[in-house]
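Chemist: following is a predicted model, sequence given first.
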Amino acid sequence: MVSFSSFAFPAAGSGSDHAVDGPSRRILLLLLPTGLATDGGQILDISGGGSPLLYQHLFWFLGHPEVYVLLLPAIAIVAEIIPNNTRKPLWGYKSMVYAVLVLGFLSFIVWAHHMYLTGMGNAVSTFFQTTTVLISIPSVILLTCLMISLWGGSIRFTVPMLFASAFLPMFGFGGLTGLPLAFNLTDLHLHDTYYVIGHFHYVVAPGTLFGLFAGIYYWYPKATGRHMSTFLGHLHFWPTLICMNGIFLPMFIQGMAGFHRRWWDGGLAFESTTAKWIHLNEVMSFFAFTMALAQIPFIINFFWSIKRGKKAEGDNPWGATTLEWATPTPPPHGNFVVDPVVYRGPYEYSVPGMEQDFLPQTTAPEDVQTAGKANADADSASAEDVATAKA
């Protein structure tokens, strides 16, 4: 079995006793996580064995960026649905694009904030505290742009919009509760408690699920040619929203009391702290089972509407501007009947002087119908009718 050290550093060799000295040693200890090199700079030979600390580093180096792999598509879905249902352009579009790029970069250098209690030094913990606080900035930019996009809009509270709008405060609450976990001082108390579970699920559960449900309800008419039931959609949304808070909000209370995530009883023996909050498990269990039942209307709605749902009005029932609504409904093989030509950006809603409150990307400039032209055409037609009647 080839050891990690012989693969990464052939000069050291498997089972080597060679130490790395001088500048090379300092660079090695700077770049490699604790667990790959000992304090003396000796390359660890883990052939036939293992390093739990190394496993944690590798796991979280994968696991933390993966959170944003789940979250960013949901944010993109919400960013499509909000402009469509407020009938106004997305606010801060370029800022959101740059924020996503920065978020993607920073997501790779924050992983060890999960590992403050593994014995890392002050310099390393300070670095990861700094990057963890920095990654909140692009997240706040994304959330702020979406919230400001609601301001002054003619909001249509369709079922997709309900899920999209509920995503905003839930994701915001999840992000704010993550700030105490960014600092090693407060993490000494909160690490591995139910507080961490509550924070994570406030970000990922509504972030991923609400975005997913919003996208399904929004693009379902395009995919099937029929709308999903609004009544069943409300019956799905409201219990899901209430139950999700009923499940994860009590976790913050238990976590701040010291309720441990990995003990079978959470710390029942500590009567003055965790024991008096153990009853919240029953509350969370009730809401968890209720939320599972709340998904039944969605399942029924999804399959029932394929054949029985209200037929979509044309190819663009939501009055949207983006390319997918230029395809037939449902889209055939190859999607577009003719190659689409894009003339403008994706969020041309409520353009001044336009007859309609949306301007699709594929509408040619010569085909754009302005309000003034439409009125002039109507006046001309009325004059011709009067002249014909007199004749």
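Modeler: The structure has been received and is ready for your questions.

Chemist: for this structure, which helix is longest?
Modeler: Ranked by residue count, the top helix of the chain under DSSP state H comes out as helix 52-86.

Chemist: mean confidence (pLDDT) on it, please.
Modeler: Across helix 52-86, pLDDT averages out at 92.

Chemist: so what secondary structure elements neighbour it?
Modeler: In terms of contacts (3 or more Cβ pairs under 8 Å, 6 or more residues apart in numbering; DSSP states H and E), helix 52-86 is packed against helix 93-106, helix 122-148, helix 159-178, helix 194-204, helix 211-224. C-beta coordinates here come from the backbone N, C-alpha and C atoms, glycine included.

Chemist: show me where pLDDT drops low in the stretch 201-350 of the chain?
Modeler: Applying pLDDT under 70 to the predicted model, the stretch 201-350 of the chain contains no residue that meets it.

Chemist: grab the most central residue of the protein for me.
Modeler: To find the centre residue of the chain, average its C-alpha atoms and take the closest one (Cα atoms, centre = their mean): that gives Leu71, at 2.4 Å.

Chemist: list the contacts for Phe237?
Modeler: The neighbours of Phe237, taking Cβ atoms under 8 Å, 6 or more residues apart in numbering as the test, are Val159, Leu162, Phe163, Ala166, Phe213.

Chemist: distance of it relative to Ser136?
Modeler: The spacing between Phe237 and Ser136, counted by Cβ to Cβ, to the nearest Å, is 28 Å.

Chemist: for Phe231, same thing?
Modeler: Remark: distance between Phe231 and Ser136 (Cβ to Cβ) = 39 Å.

Chemist: ditto for Gly309
Modeler: When Gly309 is compared with Ser136 (using Cβ to Cβ), they lie 41 Å apart.

Chemist: between those two, who's got more neighbours?
Modeler: It is Gly309, of Gly309 and Ser136, that has more neighbours when counted by other Cβ atoms under 10 Å, with 19 against 16.

Chemist: hmm, that one is touching Thr230, no?
Modeler: No: with contact defined as Cβ atoms under 8 Å, Gly309 does not count as touching Thr230 (10.1 Å).

Chemist: before we move on, the earlier item: so for Phe61, which of the helices and strands packed on helix 52-86 sits nearest?
Modeler: With Cβ to Cβ as the criterion, Phe61 lies closest to helix 122-148 of those, at 11.9 Å.

Chemist: relative to helix 159-178, how tilted is that closest one?
Modeler: For helix 122-148 and helix 159-178, the angle between their directions (axes from the mean of the first three to the mean of the last three Cα atoms, to 10 degrees) works out to 150 degrees.

Chemist: residue contacts, the nearest residue to Ala312 once chain neighbours are set aside?
Modeler: In space, Ala312 comes closest to Pro221 once its chain neighbours are excluded; the distance is 4.0 Å by Cβ to Cβ, 6 or more residues apart in numbering. By Cβ under 8 Å, 6+ apart, the residues touching Pro221 are His227, Ala312, Pro317, Trp318, Thr329.
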